[in-house]
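> sequence plus the predicted model coming up.
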Amino acid sequence: MREHYKKLSPGMRIGLCLVLIFILLTSCSGSNHISASEATPPDTPSDGENSGDIIGTNHLNESAKTAENDNGEPYYYAKEDDKIGFWDFNMAYDLCQSALTDYYYAARNNSDINLDLYISNENLKAYTERKIKVEQSIRKKANVTSLIDDVSCGVYEVNYIDNAVIYFKIGARIDSGVGYSAEPTEFLVGNQDGRLVILDWYTNGLDSIDVVVRGEAQVIDNPDIWNDNDWVQGIFDKLEKLEDKYGA
């Protein structure tokens, strides 16, 4: 074998090495981690030509919304009552995308948002409501008057955790009349008696309120974090300082 290899030209040797590397890489699988190129929802084509591009931009599967509240707003339900899986991808992604879009419109256009559609934990709900008010106050104090024209979302990363939680890293592009901004947001989505809800929500953008209050580059992997009353109180204390600073 070694003698045959020595007879190969340099170009053929490189080609053979590349083939062997490819075989090794494709054979290494088995985790529940899914990259952007693998995470495309069913019947949803990738928006980019390259496998690493953000996928599913503004995907919204209307058929996945199986129930509505009294105001005609959608609730988001899992396929099963006691666990979560890849079959819940579309619904969970729609949940996060809709929540994120509503958040930006509320914070920057002063639009209404019904957080009950997305969050059941009262601590996370209160934190998100207060974040919106702080963002509104910051914009008002800085005399920023530009409004959002469109929000485009796409999945960077998905991870299924123990059939109980879906981790999403979602990129959002926020377009206004004067340009656009972009920032990544991470979500944990869980199954609460058959209903999909957001368990944690963290935006790791430059000078985002989450970064200021919770810290930079946090690891988002604890679905019970908003049930830790001592931790929550520390977060609320830091948020209160921002509220005092900007008059929220």
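Now that the structure is in, tell me what you want to look at. Residues are numbered from 1 along each chain as shown.
> domain ranges for this structure?
Structurally, the chain divides into domains by automatic domain parsing as follows: 1-30, 33-246.
> okay, those domains, which one's buried deepest?
domain 33-246 (a mean of 17; mean count of other CB atoms under 10 Å). Just so you know, the C-beta spots here come from the backbone N, C-alpha and C atoms, and that holds for glycine as well.
> separation between A217 and Y93?
With distances taken as CB to CB, to the nearest Å, A217 is found 23 Å from Y93.
> K141 now?
To Y93, K141 is 35 Å away according to CB to CB.
> pretty sure Y202 is touching E216, no?
No: Y202 is beyond contact range of E216, at 10.6 Å (criterion: CB atoms under 8 Å).
> I220: what's it in contact with?
Contact analysis of I220 by CB atoms under 8 Å, 6 or more residues apart in numbering lists 167, 186-188, 200, 202.
> distance of the nearest residue to it once chain neighbours are set aside relative to G171?
In this structure, I220 finds its nearest non-sequential neighbour in E186, 4.3 Å apart by CB to CB, 6 or more residues apart in numbering. Applying CB to CB, the value for E186 to G171 is 11 Å.
> I figured I132 hits I113, correct?
Yes: in this structure, I132 is within contact of I113 by CB under 8 Å, at 7.1 Å.
> mutual contacts of these two, please.
Residues touching both I132 and I113 (CB under 8 Å, 6+ apart) are 103, 106.
> make CSV out of the contacts of I220 and add pLDDT, distance to S98 and secondary structure.
Below are the contacts of I220 laid out as CSV (pLDDT from 0 to 100; distance: CB to CB, whole Å; DSSP: H, G, I helix; E, B strand; the rest coil):
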residue, pLDDT, distance to S98, secondary structure
Y167, 97, 18, strand
E186, 98, 16, strand
F187, 98, 12, strand
L188, 98, 16, strand
D200, 98, 17, strand
Y202, 98, 17, strand
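> which among the residues you listed gets closest to L100?
F187 (8.2 Å; CB to CB).
> helix/strand/coil for F168?
strand (DSSP: H, G, I helix; E, B strand; the rest coil).
> quick one: contacts for the residue lying closest to it once chain neighbours are set aside?
Distances taken as CB to CB, 6+ apart put F187 closest to F168, at 4.5 Å, once the chain neighbours are dropped. With contacts defined as CB under 8 Å, 6+ apart, F187 is in contact with 96, 99, 167-168, 170, 198, 200-202, 220.
> same thing with A182?
Contact analysis of A182 by CB under 8 Å, 6+ apart lists 171-174.
> take the residues you listed and write them to JSON lines, including distance to E157.
Converted to JSON lines, the contacts of A182 look like this (distance: CB to CB, whole Å):
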{"residue": "G171", "distance to E157": "10"}
{"residue": "A172", "distance to E157": "14"}
{"residue": "R173", "distance to E157": "17"}
{"residue": "I174", "distance to E157": "20"}
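> in strands, which of those appear?
The strands in this structure, assigned by DSSP state E, contain 171-174 from the contacts of A182.
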